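Peer 1: Provide a 3D model corresponding to the input given below.
(2 chains)
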Amino acid sequence: MEALAKADFLEKGERKAKPLVLYRPTAKTGLISWLTTVDHKRIGFLYGITGLFFFIFGGLEALMIRIQLAVPNNTFLTSAQYSEMFTMHGTTMIFLVVMPIGAAFFNFIMPLQIGARDVAFPRLNAFSFWTFLVGAIIVNLGWFMKDGAPDAGWFGYAPLTTRTFSPTHAIDMWVMGLQLLGVASIAAALNFIVTIINLRAPGMTMMRLPVFTWMTLFTSFLIILSFPAITIALVEIMMDRLFGTNFFEVSNGGLPILWQHLFWVFGHPEVYILILPAMGIISEILPTFSRKPLFGYPIVVFSGASIGFLGFGVWSHHMFTTGMGTTATAAFALMTMAIAVPTGVKIFNWIGTLWGGHLAMRTPMMFAIGFLWMFMIGGLSGIMHSAAPADAQQHGSYFVVAHFHYVLIGGSLFALFAGIHYWFPLMFGRKVSEFWGKMSFWLVFIGFNVTFFPMHFLGLQGMPRRTFTYDGNMGWAEGNMIATVGAFILAVGVATYFSTMVYTYYKGERTTKDPWDGRTLEWSLPNPPPEYNFQVIPTVHARDGWWWAKGHRDEIAKEEAEHKKDDDAHGGIHMPFQSIYPFFASCGILVAAIGIAVIDPANTHDYPGFWGPKIAVTILGGAIMFVSVVLWSLEGADGYHIHLNDDGSIKGEEGHGYGSH
Amino acid sequence: MSTAAATIDHHNDPSTSTGIPNKKLLMWAFLASDCMFFGCLISTHLIYRLHPPPGTPNARDVFSIELTSFSTFILLMSSLMMALAVNAIQKGNLRSLRWSLLTTIFFGCIFLGCQVYEFRNFVFEKHLTITNSILGTTFFTLTGTHGLHVLIGVIWLSGMLIYSFTGRLTEKQAIDVESMGLYWHFVDIVWIVIFTAVYLLEYI
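Peer 2: Residues are numbered from 1 along each chain as shown, chains lettered A, B, ... in the order given. Below is the predicted model of the structure:
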């Protein structure tokens, strides 16, 4: 590392070859190193930190909602503030918490699991993160403005979101922010698809991929195929709002139901985008702590594929009460029941993995088994919704709220918590205390159930969603009070969890390599993993590659020594240069997004034609982005080579000048 | 995928598990995604076409099928030139590459010019605007989005043409031209779908 940390830019000798703007930054520490990083592990870390930061926001919004609903006729929040709270709670938790924390694992873990040194397009990966951050900023900008935060629900149903009913910029920011989050997600997903298909280590055939990597691949396909639907829906609402088109203008032939269809064509695959990574994490943790290979690996993989495939054919079960007609309703009801089958198959495979295993009840395992149980409850109430007549009763009630929190907290979040615990030693070289880990698990588990189980009853008693208060004689007071108490227990649990993590990051017990006696390739690395990941690209001989290697140390050592010699012979380990342009491109997007979504349209009396601050800022942002992208492509995908000592420290490094190829 | 090959060029051509270059795979995956973008817009147009409110202009009175057929033909011919450009760079023939790229750009510009003319004609002569009817809304949004794709393609092609004069574009970078070509062909194919679903459908 010493050799690289000298200067932010290349040596003088190399400067001659190219103009100033194309020098590649080489800082390895400090702010510049983070802004220009292309290292998948650092980008994963950035995703994780950002996700956890917004988790605090989303959590506080949830607590406000629960305080407001604790007692009948409460006046803690106004109805307008309440609408902002539930809109931003949903938007934040889905797009700014579960997706980025999932992306953090995709980035950090997936390349390590397939034996790669980075993702296929490292700079595109950085661009994905920065654009995600810009989207997150735009969505949340309303809190600091007089227009207020978005308040039309996370689903943003037209025509509520049209200018007639939501005249302020709050919805513009929501629309623009979601567009950018879509761009970021699609760019990241394309990168992961290419990485998994093309950057596998020798011997890592598709049917040897760890299940988490498989789920990353399926999730990425879901993202690239479903996000366009919401992007187009958002384009249409944006056109309506900015240019007065008629997509959702009923008086001119627009059909607001189209929004619902486009939104849920995206929205239902999105549910699987949130849960498939969780299923992947669980499929890694259960075998490790059961000391058994995953039961029925091919079936688990193909179930994941069928869930992803069927996920595109069930969207209208969100719309059973819109009067689609009996044929469509029956078809979507059948598809929805069908999709429960592969999900159930997975549950049975996980139980089969546990069966007869030597269970080590460590904290990640506690969260994983909690997931299994809670996700099953959420899944069962989900099947209840698939029957259209039953759904007509439950639609828009707290029963639905209970259902999707069981799948999103009991499912996604429990798995992400399990994953953070599981991979923490690998990421930071320290281990979380078992006492505090288990304490946080029980607090979260109890708090979660106390909060959301009563909501099943509230829903069946007729309490509607998104209502900011209720009357005392409706019979909902006790259930709501219990839920609010539960929410605070959950908050204490989450606070315990993260305090433990922060403490462990600084003061936790140091661990050795492979503390859990893992099965997949990431555990073959020292912790934290070096920038180049693998000293020698591993050769994979079996499905659980690292597990196999542990039983065949001599063969592996011999093989690696040979490959290391070959590596050195043809130039050493290739590392990509860092780049500032993904960050600049995202900055341009931020400026353009502010122009489009935040600034008032020009008053034609003050400015000639359509020129005004709005257009000027938008064009400025677009220009910054365009120039950045041009420079990005001109600087090229070159890099440098490093040579290692036997202990993994860097022996030497050759900077590859510009135009060497 | 042997690590022993001494001539691996890590920067431009990492040896991949499947043998398919990364950039090509990226472009194919992106085009799959782009299919969904256009799919949603075309569906929107087709659905709204079925429910025109009273007073919506008749599409047949507005469209000029002769002009659009001509620009469609030109766009298809540009695909031929694009294919020749890819062929040229794969053989390292820069001179042929430049001529082919220039012709592709020229044809792309003709298409864009026809579209600008068509839009102006519709707005000022036929009084079909983006706001005054649902037909205008879906028509201009859909064909405008396609036009934007063509524009991006023309800018990309022009950038590549300029880059070919720096001397850094050789047959080793053929994949850069090839993935650009994939994009260009895709934009043409989408136009065939749009031409059928938006224009020809009105004449059945």
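
Peer 1: Leaving aside the residues adjacent along the chain, what's closest to B:Ala85?
Peer 2: Leaving aside its chain neighbours, B:Ala85 sits nearest to B:Ser100 (3.7 Å; criterion: C-beta to C-beta, 6 or more residues apart in numbering or on different chains). Where you see a C-beta, it was placed from the backbone N, CA and C, and this is true even at glycine.

Peer 1: The one you found contacts B:Leu80, doesn't it?
Peer 2: No: counting by C-beta atoms under 8 Å, B:Ser100 stays clear of B:Leu80, with 9.2 Å between them.

Peer 1: Between these two, point out the one with more neighbours.
Peer 2: B:Ser100 (24 against 14; other C-beta atoms under 10 Å in any protein chain shown).

Peer 1: Give me the phi and psi angles of the more buried one.
Peer 2: Main-chain dihedrals, B:Ser100, degrees, to the nearest 10: phi -60, psi -40.

Peer 1: ok, so what distance separates it from B:Lys91?
Peer 2: 12 Å (C-beta to C-beta, to the nearest Å).

Peer 1: cool, and A:Val265?
Peer 2: Taken as C-beta to C-beta, the span from A:Val265 to B:Lys91 is 44 Å.

Peer 1: Show me which of those two is the more surrounded one.
Peer 2: Shown here are A:Val265 and B:Lys91; by other C-beta under 10 Å, A:Val265 has more neighbours (25 against 11).

Peer 1: Dump the lowest-mean-pLDDT helix or strand in chain B to CSV, restricted to CA.
Peer 2: Lowest on mean pLDDT, DSSP states H and E among the helices and strands of chain B sits helix B:59-62, with a mean of 92. Output in CSV follows, covering the C-alpha atoms of helix B:59-62 (Å, rounded to 0.1, in the frame of the first residue of the first chain):
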residue,chain,number,x,y,z
ALA,B,59,-54.8,9.5,-36.4
ARG,B,60,-55.2,8.8,-40.1
ASP,B,61,-56.0,12.4,-40.8
VAL,B,62,-52.9,13.5,-39.0
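
Peer 1: Which element, helix or strand, includes the residue lying closest to A:Leu69 once chain neighbours are set aside?
Peer 2: Spatial nearest neighbour of A:Leu69, chain neighbours left out: A:Asn480 (5.0 Å); criterion: C-beta to C-beta, 6+ apart. Following DSSP states H and E, one finds A:Asn480 within helix A:477-507.

Peer 1: Against which helices or strands is the helix or strand following that helix packed?
Peer 2: For helix A:477-507, the following helix or strand on the C-terminal side (DSSP H and E) is strand A:509-510. Secondary structure elements in contact with strand A:509-510, counted by 3 or more C-beta pairs under 8 Å, 6 or more residues apart in numbering or on different chains; DSSP states H and E, are strand A:430-431.

Peer 1: neighbouring strands for the strand it packs on, and are they parallel or not?
Peer 2: strand A:509-510 (antiparallel) (DSSP bridges).

Peer 1: Show which residues not belonging to the strand it pairs with make contact with it.
Peer 2: A:429-431, A:433 (C-beta atoms under 8 Å, 6 or more residues apart in numbering or on different chains).

Peer 1: Now with 6 Å, please.
Peer 2: A:430-431 (C-beta atoms under 6 Å, 6 or more residues apart in numbering or on different chains).

Peer 1: could you dump whatever helix or strand comes next after it to PDB, C-alpha only?
Peer 2: The element immediately downstream of strand A:509-510 (helix or strand, assigned by DSSP H and E) is helix A:545-551. The C-alpha trace of helix A:545-551 is given here as PDB (Å, rounded to 0.1, in the frame of the first residue of the first chain):
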ATOM      1  CA  GLY A 545     -15.500 -24.600  -2.600                       C
ATOM      2  CA  TRP A 546     -13.800 -23.400   0.600                       C
ATOM      3  CA  TRP A 547     -15.200 -26.400   2.600                       C
ATOM      4  CA  TRP A 548     -13.700 -28.700   0.000                       C
ATOM      5  CA  ALA A 549     -10.400 -26.800   0.000                       C
ATOM      6  CA  LYS A 550     -10.100 -27.300   3.800                       C
ATOM      7  CA  GLY A 551     -10.100 -31.000   3.300                       C
END
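
Peer 1: So for helix A:545-551, mean pLDDT?
Peer 2: Regarding helix A:545-551, the rounded mean pLDDT is 93.

Peer 1: ok, A:Asp147 touching A:Thr168?
Peer 2: Yes: using C-beta atoms under 6 Å, A:Asp147 is in contact with A:Thr168, at 4.0 Å.

Peer 1: Of the two, which one has the most company?
Peer 2: Under the criterion of other C-beta under 10 Å, the comparison of A:Asp147 against A:Thr168 puts A:Asp147 first, with 18 against 15.

Peer 1: so which strand or helix has that one?
Peer 2: Going by DSSP H and E, A:Asp147 is not in any helix or strand.

Peer 1: thinking again about what came up before, compute the distance from the centre of the helix holding A:Asn480 to the centre of its chain.
Peer 2: Centroid separation for helix A:477-507 versus its chain: 22 Å, with C-alpha atoms, centre = their mean, to the nearest Å.

Peer 1: in it, what's buried?
Peer 2: A:477, A:479-491, A:493-494, A:496-498, A:500-501, A:504 (16 or more other C-beta atoms under 10 Å in any protein chain shown).

Peer 1: Distance of the single nearest residue of the stretch 51-200 of chain A relative to chain B relative to B:Val177?
Peer 2: The stretch 51-200 of chain A approaches chain B most closely through A:Asn198 (3.9 Å), counting by C-beta to the nearest C-beta. From A:Asn198 over to B:Val177 the distance is 20 Å, taken as C-beta to C-beta.

Peer 1: ditto for B:Gly108
Peer 2: 15 Å.

Peer 1: got it, and B:Leu84?
Peer 2: For B:Leu84 relative to B:Val177 (C-beta to C-beta), the value is 11 Å.

Peer 1: quick one, which of these two is more surrounded?
Peer 2: B:Val177 (24 against 17).

Peer 1: and the closest residue to the more buried one other than its chain neighbours, what does it touch?
Peer 2: The shortest distance from B:Val177 to any non-neighbouring residue, by C-beta to C-beta, 6+ apart, is to B:Ile89 (4.6 Å). Contact partners of B:Ile89, counting by C-beta under 6 Å, 6+ apart, are B:97, B:174, B:177.

Peer 1: got the CA positions of stretch A:157-173 in CSV?
Peer 2: Extracted in CSV, the C-alpha atoms of stretch A:157-173 (Å, rounded to 0.1, in the frame of the first residue of the first chain):
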residue,chain,number,x,y,z
TYR,A,157,-51.5,6.6,-7.0
ALA,A,158,-52.7,8.9,-9.8
PRO,A,159,-54.6,11.1,-9.9
LEU,A,160,-53.7,12.1,-6.3
THR,A,161,-50.2,12.8,-7.6
THR,A,162,-51.3,15.0,-10.5
ARG,A,163,-50.9,18.8,-10.3
THR,A,164,-54.6,19.3,-9.6
PHE,A,165,-54.4,17.4,-6.2
SER,A,166,-50.8,17.8,-5.3
PRO,A,167,-49.7,21.2,-6.6
THR,A,168,-46.5,21.6,-4.6
HIS,A,169,-43.0,20.4,-5.6
ALA,A,170,-43.1,17.6,-2.9
ILE,A,171,-44.4,15.1,-5.5
ASP,A,172,-42.0,16.4,-8.1
MET,A,173,-39.2,15.5,-5.7
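
Peer 1: can you pull out the strands in the chain?
Peer 2: Using chain A here. Under the criterion DSSP state E, chain A contains strands at A:430-431, A:509-510, A:573-576, A:639-644, A:650-654.

Peer 1: tilt between the longest one and strand A:650-654?
Peer 2: Strand A:639-644 and strand A:650-654 meet at an angle of 150 degrees, taking axes from the mean of the first three to the mean of the last three C-alpha atoms, to 10 degrees as the criterion.
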